[in-house]
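> Give me a model of this one.
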Amino acid sequence: MTVLGIETATSVCGAAVLEDGALLALEEVNEGRVHAERLLPFIDSALRASGRTTASLHAIAVSIGPGSFTGLRIGLSIAKGLVLATGVPLVAVPTLEALASRTARARKTDGLVLAAIDARRDEVYCQLFEASGEELRPLWEPRDLAVDRLVGELGGRRVLVTGDGRAKVMARAAGGPVRCEEADASAALCSAAEIARLGEERAQAGKTEDPALLEPRYIKEFFLNSAGRIGVNTR
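Here you go, the predicted structure:
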């Protein structure tokens with residue numbers, strides 16, 4: 001099975017081509033706000049580097065959130081366009097799960113993994129997982145929490161923290177009962193390669209989406225202001 005993975009939910013913009021579990025090509029940068037300009041060229045480049053074309057694909061996997069409102073909309077709209085053009089299945093990969101999975105596989109140890117994405121102000125999008133061998137089990141649904149509340153809910157547990165919100169969590173947890181360990185920077189950001197890997201697993205299990213119905217998983221509500229810019233509903 002050949003899968004195209006797309007990541008735009010975070011500051012990372014990337015595209016990956018994976019075939020039968022093997023990564024054939026990866027094009028990505030961690031620069032933020034370049035998704036609109038870079039994603040399509042990255043997809044073209046990854047396909048060329050892998051020696052594949054859109055006609056070779058069996059599924060397209062997209063990072064579905066939570067994360068950047070603008071990034072999510074860009075990634076999903078391009079993924080939907082490719083699905084409509086090729087007729088292949090669309091797979092939605094939860095962004096926090098992809099983060100935790102990448103970190104847990106890199107660490108190769110069992111325990112609790114907290115995936116945290118910066119949600120601006122003093123909040124993070126977060127989800128707690130338990131890693132055991134090859135299995136990653138969610139203990140929470142994805143949430144949008146103030147960092148103080150998050151640290152309080154972690155209690156005195158030992159937790160490996162990953163994602164671009166990890167610095168906020170580590171700063172608040174310092175000196176408290178929570179025993180937080182920061183994930184290595186090399187495995188602490190979401191990657192299109194992990195989106196493709198998890199997308200392949202989901203596609204093989206028949207977990208695909210209707211492109212007409214699939215929407216980003218924002219968690220926070222958003223609106224467009226009079227200038228057409230995205231705003232956040234904080235009520």
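
> Please, where are all the helices along the chain?
35-50, 69-86, 95-107, 147-154, 166-173, 192-204 (DSSP state H).

> which stretch among the ones you listed comes nearest Phe129?
Judged by C-beta to C-beta, the one of those that comes nearest to Phe129 is helix 95-107, at 4.5 Å. To be clear about C-beta, it is placed using only N, CA and C from the backbone, and glycine gets the same treatment.

> picking that back up, how about the helices of the chain in a markdown table, adding mean pLDDT, mean neighbour count and distance to Glu135?
Output for the helices of the chain, formatted as a markdown table (pLDDT from 0 to 100; neighbours: other C-beta atoms under 10 Å; distance: least, C-beta to C-beta, whole Å):
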| stretch | mean pLDDT | mean neighbour count | distance to Glu135 |
| --- | --- | --- | --- |
| helix 35-50 | 98 | 18 | 29 |
| helix 69-86 | 98 | 19 | 27 |
| helix 95-107 | 96 | 25 | 9 |
| helix 147-154 | 94 | 18 | 21 |
| helix 166-173 | 94 | 19 | 23 |
| helix 192-204 | 99 | 25 | 12 |
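
> So for Met1, which of the ones you listed sits nearest?
Judging the helices of the chain by C-beta to C-beta, what sits closest to Met1 is helix 192-204, at 5.7 Å.

> List of residues touching that closest one?
1, 3-7, 12, 14-18, 21, 23, 26-28, 58-63, 89, 91-93, 97-99, 101-102, 208 (C-beta atoms under 8 Å, 6 or more residues apart in numbering).

> Tell me who's in contact with the residue nearest the centre of the chain.
Centroid check for the chain by C-alpha atoms, centre = their mean gives Thr95 as the closest residue, at 2.5 Å. Listed by C-beta under 8 Å, 6+ apart, the contact partners of Thr95 are 9-10, 63-67, 117, 190, 217.

> picking up where we left off before, distance to Glu141 added to the helices of the chain, as JSON lines?
Putting the helices of the chain into JSON lines (distance: least, C-beta to C-beta, whole Å) gives the following:
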{"stretch": "helix 35-50", "distance to Glu141": "26"}
{"stretch": "helix 69-86", "distance to Glu141": "18"}
{"stretch": "helix 95-107", "distance to Glu141": "10"}
{"stretch": "helix 147-154", "distance to Glu141": "13"}
{"stretch": "helix 166-173", "distance to Glu141": "18"}
{"stretch": "helix 192-204", "distance to Glu141": "18"}
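
> closest to Gln127 out of these?
Judging the helices of the chain by C-beta to C-beta, what sits closest to Gln127 is helix 95-107, at 4.1 Å.

> Just the CA trace of that closest one, in PDB.
Included here for helix 95-107 are C-alpha records, laid out as PDB according to Å, rounded to 0.1, in the frame of the first residue of the first chain:
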ATOM      1  CA  THR A  95      -2.500  15.100  15.400                       C
ATOM      2  CA  LEU A  96      -1.900  14.500  19.100                       C
ATOM      3  CA  GLU A  97      -1.900  10.800  18.600                       C
ATOM      4  CA  ALA A  98       0.700  11.200  15.800                       C
ATOM      5  CA  LEU A  99       2.900  13.300  18.100                       C
ATOM      6  CA  ALA A 100       2.700  10.800  21.000                       C
ATOM      7  CA  SER A 101       3.300   7.900  18.600                       C
ATOM      8  CA  ARG A 102       6.400   9.400  17.100                       C
ATOM      9  CA  THR A 103       7.900  10.200  20.500                       C
ATOM     10  CA  ALA A 104       7.000   6.800  22.000                       C
ATOM     11  CA  ARG A 105       8.500   4.900  19.100                       C
ATOM     12  CA  ALA A 106      11.700   7.000  19.300                       C
ATOM     13  CA  ARG A 107      12.000   6.400  23.100                       C
END
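
> Having no further points to raise, I will conclude here.
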